[in-house]
Structures are given as C-alpha cells and as structure tokens.
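Trainee: structural data only, the sequence is not supplied:
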C-alpha cells in the first residue's frame, strides 16, 4: 500500500430527505455539507437516495401483470424529482464540496439523460468540486427493481484519496460476496455504505465486512417519518400503513478490526464526526490480507466484466 495520510476527519450525515423534492433535498444537502465543514470534516458521507428520498412502502401500483393509473402518477412524480448526472444538482453539490474543501459522497436517484430508466446511484465529489465517481447499484433489491434499473456502466469505481482508495456499495450490494471482493482487490481503505437498512442483522453484517476487508466501514443510513411523505400522493393508503418512524437510522463507523469507532445513532438526525486512524488499515492486514498474501490466487480468482 502507498503511504497514507494518517488521519481522516469524517462526518456521517444521518438526515431526512425532503421527500420527492429534488430542489429542497439539494438545498438541505448543501446546508448539511456546510455544517459538516464547520466541524472540520474532510470526508462527508450522505445516505442512499438522499435526493429525492427512498420511497419506502410504496408499490407505485405494480402487481404481477398489472399496473394502476394512480401508481403511474406517483412514479411520475418520483421520476420528475430524480436527477441527471451530470446536471444542475451535481453542479451545486460540486460547488458545495469545493467550498467545504472536502470529499462528499451522496446517494441520488439518477434519471438517464436519454431514456426513462432510473438508477439508484452514489456520487463522490472531490474537494476541488470534481465529480470523481458515479456508481449505479448493480442489482436493486426486491421490489426496488420496479423503480430502478440494473447498473449498465460505472462498475466498482474507486476514488483515490489521501487516505487510500475509497469506494461505495449501496445497501444490500454489500450482501454480494463477489462485489465486496471486487472492491477489496482495489485495495480500498474506506468502504462507504449508503443505505436504508435499520435492522439489527445489518449491524452484524457491517462489523463482519470491516473485519473481512480490514478497512473502515462507513455505515450511513437515513432517518425519516411517515408524515414526511408529500401530500397529494395518489396511493395514500400505502403510506397510512407505515409505522410513525419509517427508518430509524443506525449510522456509525466501524474500524478494520470490527469495533465501533462511533456507536449507532437511532431515531434522530445527526452529523456523526470521528477522527479515523488510517494506520490501522495496513497494520490490521499483517496476518490476514484477503486479496493479498491470504488470497490463494492460484486457486481462487474473481473476473469482473467491466466492458
């Protein structure tokens, strides 16, 4: 591994999006970037689909073999509030990263510039405001597949940072063993996980991955409530069945030994700051380097088709 800057000041943003409103979400993201910068953050991480929110509990009228006109209208609203990449919103976010002099990672619903397909996408900006990586979720989970398409490009992009290679897998992508290995093979020291996953089992997963990859695992979830859904949706009965707190958060940072650097935060918005000791990464790999001396490449090999 090349020499790393030994310390990284990180800010994990656990916040509620302004549901289905890309302009308001972008404004809020800029405000939160400025607040994190005031805490001297060098790396600022937002949840999955912060723009324009995760439509938890909604079916958009899809059932097997059937769709509904009201559901199409709700999907149309979500489509209209998904963003182009690059586009006006990425210009604003890049400018905010530049003003903060920080790396910024943020999840968005990306609208393809040519067709009507949406993608669950994570973006990473540099402190100069440059859009460094665009990662589309490889396989939307369960019923997500009726909203977002499979990634068709940008497989496993890595941002080169002063703390080593940094990359993201979105939510349940982290349950894909070979996807994790694809990142490990690139030597990542910072594993970003924007997600909407507040269950207990997830906390066990993230600690395992931190140990497996001997990297810092950044778990960034959102927190939002039922009353945050926009008024005027055409399928309000779906929203009415949700709990008061739809997603509880649980954002935290785990070190390369599987220990919490910051404890999970539940049921509230927070900017979670920590100073990461990057010297832990190579030291933790002394006896176990999953894609190095422990890998047995004579027996095992991963092939990634990134054409």
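Mentor: Received it, and whenever you're ready, just let me know what you need. Being a predicted model, the structure only gives us computed values, none of them experimental.
Trainee: find the residue at the geometric middle of the protein.
Mentor: residue 194 (2.2 Å; CA atoms, centre = their mean).
Trainee: what is the end-to-end distance of stretch 157-165?
Mentor: 10 Å (CA to CA, to the nearest Å).
Trainee: hang on, the earlier thing: now the residue nearest to the centre of the chain: how far from residue 101?
Mentor: To residue 101, residue 194 is 22 Å away according to CB to CB, to the nearest Å. Where you see a C-beta, it was placed from the backbone N, CA and C, and this is true even at glycine.
Trainee: ok, now residue 19?
Mentor: 30 Å.
Trainee: between these two, which is the more surrounded one?
Mentor: Comparing residue 19 with residue 101 by neighbour count (other CB atoms under 10 Å), the higher total belongs to residue 19, at 20 against 14.
Trainee: ok, back up a step: wait, what's in contact with the residue nearest to the centre of the chain?
Mentor: Contacts for residue 194 (CB atoms under 8 Å, 6 or more residues apart in numbering) come out as 45-50, 105-107, 122, 168, 170-171, 220.
Trainee: between those residues, which sits nearest residue 237?
Mentor: Closest to residue 237 out of the contacts of residue 194 is residue 49 (22.8 Å), distances taken as CB to CB.
Trainee: helix, strand or coil for the closest one?
Mentor: Under DSSP: H, G, I helix; E, B strand; the rest coil, residue 49 falls in the coil class.
Trainee: from residue 223, how far off is it?
Mentor: In terms of CB to CB, residue 49 sits 13 Å off from residue 223.
Trainee: what about those two, which has more around it?
Mentor: residue 49 (31 against 24).
Trainee: and the more buried one, how far from residue 88?
Mentor: Using CB to CB, residue 49 is found at 18 Å from residue 88.
Trainee: and the strands in the stretch 201-307 of the chain, which stretches?
Mentor: 216-221, 223-225, 245-254, 260-266, 270-277 (DSSP state E, counting those that start in this stretch).
Trainee: one more: the stretch 1-150 of the chain?
Mentor: 7-14, 43-45, 103-111, 118-125, 131-136.
Trainee: hmm, back to that, could I get the strands of the stretch 201-307 of the chain as JSON lines with mean pLDDT?
Mentor: Listed next are the strands of the stretch 201-307 of the chain as JSON lines, based on pLDDT from 0 to 100:
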{"stretch": "strand 216-221", "mean pLDDT": "98"}
{"stretch": "strand 223-225", "mean pLDDT": "97"}
{"stretch": "strand 245-254", "mean pLDDT": "98"}
{"stretch": "strand 260-266", "mean pLDDT": "98"}
{"stretch": "strand 270-277", "mean pLDDT": "98"}
